[in-house]
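J.: Pasting a predicted model and its sequence here:
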Amino acid sequence: MEIGNARPIATELAAAKHHFIADRSIHDPLSAGGFEREGLACLRTIFEHHDYAVLTGGSGLYLRALCQGLDKFPDVTDAARTQVQNLVVEQGLIGLQTELERLDPQHFAVVDQQNPRRLERALQVCYSAGQPYSSFLGKREKRDFQCVYLRTHPERPLLYNRINQRVDAMLDGGLEAEARALYSHRHLPVLQTVGYQEWWPFFDGDYDRDRAVELIKQNSRRYAKRQVTWFGRGGGYVAVDGVAAAVELVEVG
C-alpha cells in the first residue's frame with residue numbers, strides 16, 4: 001500500500017530513523033491499543049539516546065492512544081458479539097440506540113448515536129462485563145514524557161487544492177494498479193479506507209473511472225475536514241505554519 005498511504009520515499013527514510021513504516025502485513029492490522037503498546041516500547045528505546053521523538057500522522061485516535069493512553073476495557077466475549085449482531089439484524093440502528101440508552105444512559109448521552117459501530121462496541125462491552133461502558137472510561141495510565149501538540153492550519157481552499165493535487169500525483173504514480181493488485185483482499189478493514197475503497201465499485205463495473213477519482217478526492221477532503229475538527233477540539237494543539245516554525249517552538253519550549 002505504498003502509494004495509497006503516501007509512504008516516505010527512500011531519501012526521506014534514510015534521512016532519519018522511521019518506525020511503523022511498512023512493518024506488517026495487511027492481514028496483521030494494528031489496533032489503537034496495539035499501537036499504544038508498541039509505540040511506548042519504541043519511545044523507551046528512543047529516549048535512551050535522544051531528548052525528542054517526532055510523532056506524525058493523521059489518526060487522532062492513534063495519536064491519543066500513544067500520548068495520553070486509552071481507557072482499558074474487558075475482553076469482548078463471542079456471546080456478546082453474537083447478541084449485538086442479532087440485535088442489529090432484528091432491529092437495526094434503532095435497536096442499538098434503545099438498548100444502549102437502557103443499559104448505559106450516561107454514555108448514550110454523549111456517543112455518536114448515528115454511528116452503529118460505536119453503539120455496537122459499547123453494547124458488546126456492556127454485555128461482556130455486565131457493567132456500563134461508561135464505568136470503564138477515564139482510567140488511563142500517566143505518561144512519563146511530555147507531549148507538545150502541533151498542527152498545521154492552511155486555509156480551507158489551499159488545503160483542498162493540495163488534496164486534489166496529491167490525489168492526482170498518486171494516480172500518476174500508479175494508485176489504480178496498486179488497488180487492482182489488492183482487489184482480492186478488498187474485504188479487509190485496512191482496505192475499507194479512503195484511496196482504496198472507491199476503486200472496488202469501479203472494478204465491479206458500478207461506475208466509471210472518473211467517478212472513482214472524484215470520490216477519492218471528495219472523501220479525502222471530508223476526512224481532512226474531520227481531522228481539522230478533531231485537532232481543533234480541546235485547545236491542546238498549537239497551530240504552526242510549517243516544519244521550521246514547529247522546530248523553533250519546540251526548541252524554545
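T.: Sure, I can see it. Numbers count the residues shown, from 1 in each chain.

J.: Low-confidence stretches in the stretch 101-250 of the chain?
T.: 234-235 (pLDDT under 70).

J.: What segments of it are strands?
T.: 150-152, 238-240 (DSSP state E, counting those that start in this stretch).

J.: Select, out of these, the one closest to residue 223.
T.: Distance to residue 223, taken as C-beta to C-beta, is lowest for strand 150-152 among the strands of the stretch 101-250 of the chain, at 15.0 Å. (Each C-beta comes from the backbone N, C-alpha and C, glycine too.)

J.: Mind giving me the packing neighbours of that closest one?
T.: strand 238-240, helix 243-252 (3 or more C-beta pairs under 8 Å, 6 or more residues apart in numbering; DSSP states H and E).

J.: now do 10 Å
T.: helix 209-232, strand 238-240, helix 243-252 (3 or more C-beta pairs under 10 Å, 6 or more residues apart in numbering; DSSP states H and E).

J.: For it, which strands pair with it and how are they oriented?
T.: When pairing is defined by DSSP bridges, strand 150-152 lines up against strand 238-240 (parallel).

J.: Not counting the strand it pairs with itself, show me its contacts.
T.: 148-153, 231-232, 245-250, 253 (C-beta atoms under 10 Å, 6 or more residues apart in numbering).

J.: can you rerun that using 7 Å?
T.: For strand 238-240, the surrounding residues in contact (C-beta atoms under 7 Å, 6 or more residues apart in numbering) are 149, 150, 151, 152, 153, 246, 249.

J.: Tell me the buried residues in it?
T.: Neighbour counts using 16 or more other C-beta atoms under 10 Å place residue 240 of strand 238-240 among the buried residues.

J.: repeat for stretch 202-210
T.: residue 202.

J.: now do stretch 64-76
T.: 65, 66, 67, 69, 70, 73, 76.

J.: what comes into contact with it?
T.: 32-33, 35-36, 39-40, 55, 124-125, 128-129, 136-141, 143, 147.

J.: Which of these fall within helices?
T.: 32, 33, 35, 36, 39, 40, 124, 125, 128, 129 (DSSP state H).

J.: nearest to residue 25, of the residues you listed?
T.: Using C-beta to C-beta, the ones in helices among the contacts of stretch 64-76 come closest to residue 25 at residue 35, 15.8 Å.

J.: Please give the element, helix or strand, for the closest residue in space to that closest one that isn't next to it in sequence.
T.: Excluding the flanking residues, the one nearest residue 35 by C-beta to C-beta, 6 or more residues apart in numbering is residue 62, at 5.1 Å. Element membership of residue 62, judged by DSSP states H and E, is helix 60-67.

J.: got the CA positions of that helix in PDB?
T.: Coordinates of each C-alpha in helix 60-67 appear next as PDB, following Å, rounded to 0.1, in the frame of the first residue of the first chain:
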ATOM      1  CA  GLY A  60      -6.300  11.300  16.100                       C
ATOM      2  CA  LEU A  61      -7.300   8.200  18.000                       C
ATOM      3  CA  TYR A  62      -3.900   6.600  17.500                       C
ATOM      4  CA  LEU A  63      -2.100   9.800  18.500                       C
ATOM      5  CA  ARG A  64      -4.300  10.000  21.600                       C
ATOM      6  CA  ALA A  65      -3.600   6.300  22.400                       C
ATOM      7  CA  LEU A  66       0.100   6.800  22.500                       C
ATOM      8  CA  CYS A  67       0.300  10.300  24.000                       C
END
